[in-house]
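A.B. asks: got a predicted structure plus its sequence, pasted below:
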Amino acid sequence: MWGFGGKFYWARNETGGKIEGIVVVFAWMSSQEKHLKNYVHLYSSLGWNSLVCHPEFLNVFFPEKATSLASDILNKLVKELKTRPCPVVFASFSGGPKACMYKVLQIIEGKCEAQFSPDECRLVRDCVAGHIYDSSPTDFTSDLGTRFVLNPTVLKVSHPPRIVSWIANGIASSLDALFLSRFESQRAEYWQTLYSSVIMGAPYLILCSEDDDLAPYQIICNFAQRLQELGGDVKLVKWNSSPHVGHYRHHMIDYKAGVTELLEKAGLIYSHRIRRLEAERISLGEVHDETTNPNPISRPEKATASSNRYSGRVALELNDHLFVSPSSMEYQGGRNVGPVSDEHKEGLIPLHTLPSINPHGVLGQFLFDACVPKDVDDWDIRWSSSSNAPVFARTRRHSPFNPIKCIRRSRL
């Protein structure tokens, strides 16, 4: 009961039906397999396998032991998800989050060193689609274990033996003396990790009771409100009177309805997430192809399709403003370059004749330096010695050098 580490095992659905997903159960500290049977049967009846973890109490005070157990759990989970990816729900009871579960969250979020690759952590993150807190989370105090062990609902006796009380109180006092300096920092890290799980986008189901001494309602209510403020999808189920980790036994109908709803929602969220990730992967793959092979000639089919899409888009944009016959090759006021049927001529765009520049006008004299002769007599015509074709020498005779004219030409 007061040891390190813990044990874990698979509780698979033996009904032979479709497997909807995996519930990773983080049981209360020093629990036994018989204590989780009813919960495993509930998940199995809904088509979910269970990976059950029974952490020991001292993991609460030795984070490295909790990390070791969390790594073992993740190793089992990663192997299963690599074979068949499916939605995953974390179900935590009492002190289970502090004894193991919060270290699992830290590992898959990359905040805790472990022997897992980034791809493996991403695989688990993408599969996590729900959280269940039963009589949890509890606040992290040194006497939590003592109060838990001495609680009548845990020992199933009205008054625990006196020797058990002495041992429990002695261990709690020793832990206070040894870990007082590290206590508050670990406590802050624990709550911060639970709040940061909101980024996974998975819904929460929190089950609690107003008269639970080990998991006070006010602490759990504050936790739920904080998750909602951070954008989490939270459903809080509260009973006026129900023992610690005994809600399913005393309120079976309400409990089963809440769990059923959460698991169904987790399946839908996982399906939507996988479709979105697949669409993003395809989109990134197309961008990668265009980046690594930008030459459209090497991809004739894509280039042709892209060209056709571009042509169609341009045509649509043009048609928003004007009508042009697709078979038209003639412009009014211009020259004929192709046949046009009479019924399409009314759709032609009239293009006005562009104004021409008179070389003998004022603008022509400025641009051409008033040196354009009016008749052919002012030009020299020389015959090429190698050919019968005439060569026109574009130089004027008897034209002295004028620097003012060069300046005007440089302006042009």
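C.D. replies: That came in fine, so what should we check first? Numbering: from 1, shown residues only.

A.B. asks: am I right that Val25 falls within a helix?
C.D. replies: No: membership of Val25 in a helix is not supported by DSSP: H, G, I helix; E, B strand; the rest coil, which gives strand.

A.B. asks: with adjacent residues omitted, what lies nearest to Pro118?
C.D. replies: Gly110 (7.3 Å; C-beta to C-beta, 6 or more residues apart in numbering). Every residue, glycine included, has its C-beta placed from N, CA and C.

A.B. asks: number of residues surrounding that neighbour?
C.D. replies: For Gly110, the neighbour count with other C-beta atoms under 10 Å is 13.

A.B. asks: helix or strand: which one has Lys238?
C.D. replies: For Lys238, the element it lies in under DSSP states H and E is strand 234-239.

A.B. asks: list the buried ones in the helix or strand following that strand?
C.D. replies: Where DSSP H and E defines the elements, the next helix or strand beyond strand 234-239 is helix 247-250. For helix 247-250, burial by neighbour count (16 or more other C-beta atoms under 10 Å) applies to His247, Tyr248.

A.B. asks: sec struct for Met29, please.
C.D. replies: Strictly by three-state DSSP, Met29 counts as coil.

A.B. asks: distance check, it against Leu74.
C.D. replies: Met29 sits 20 Å away from Leu74, going by C-beta to C-beta, to the nearest Å.

A.B. asks: ok, Gln225 next?
C.D. replies: Taking C-beta to C-beta, one finds Gln225 at 30 Å from Leu74.

A.B. asks: and the two? Which one has more around it.
C.D. replies: Using other C-beta under 10 Å, the more surrounded residue of Gln225 and Leu74 is Leu74, with 22 against 12.

A.B. asks: show me what secondary structure element comes after the strand or helix carrying that one.
C.D. replies: Leu74 belongs to helix 63-83 when elements are defined using DSSP H and E. Sequence-wise, the next helix or strand downstream of helix 63-83 (DSSP H and E) is strand 88-93.

A.B. asks: so that following strand versus helix 63-83, what angle?
C.D. replies: Angle of strand 88-93 versus helix 63-83, following axes from the mean of the first three to the mean of the last three C-alpha atoms, to 10 degrees, is 150 degrees.

A.B. asks: output strand 88-93 as CSV, nothing but the C-alphas.
C.D. replies: The C-alpha coordinates for strand 88-93 follow below in CSV (Å, rounded to 0.1, in the frame of the first residue of the first chain):
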residue,chain,number,x,y,z
VAL,A,88,-8.3,7.4,-26.1
VAL,A,89,-9.9,8.6,-22.9
PHE,A,90,-8.1,9.2,-19.7
ALA,A,91,-10.2,8.1,-16.7
SER,A,92,-8.8,9.2,-13.3
PHE,A,93,-9.9,8.3,-9.8
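
A.B. asks: pull up the pairing partners for it, direction included.
C.D. replies: strand 21-26 (parallel), strand 128-134 (parallel) (DSSP bridges).

A.B. asks: could the ones you listed go into JSON lines alongside distance to Pro63, mean neighbour count and mean pLDDT?
C.D. replies: Formatted as JSON lines, the strands paired with strand 88-93 follow (distance: least, C-beta to C-beta, whole Å; neighbours: other C-beta atoms under 10 Å; pLDDT from 0 to 100):
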{"stretch": "strand 21-26", "distance to Pro63": "15", "mean neighbour count": "26", "mean pLDDT": "98"}
{"stretch": "strand 128-134", "distance to Pro63": "20", "mean neighbour count": "26", "mean pLDDT": "98"}
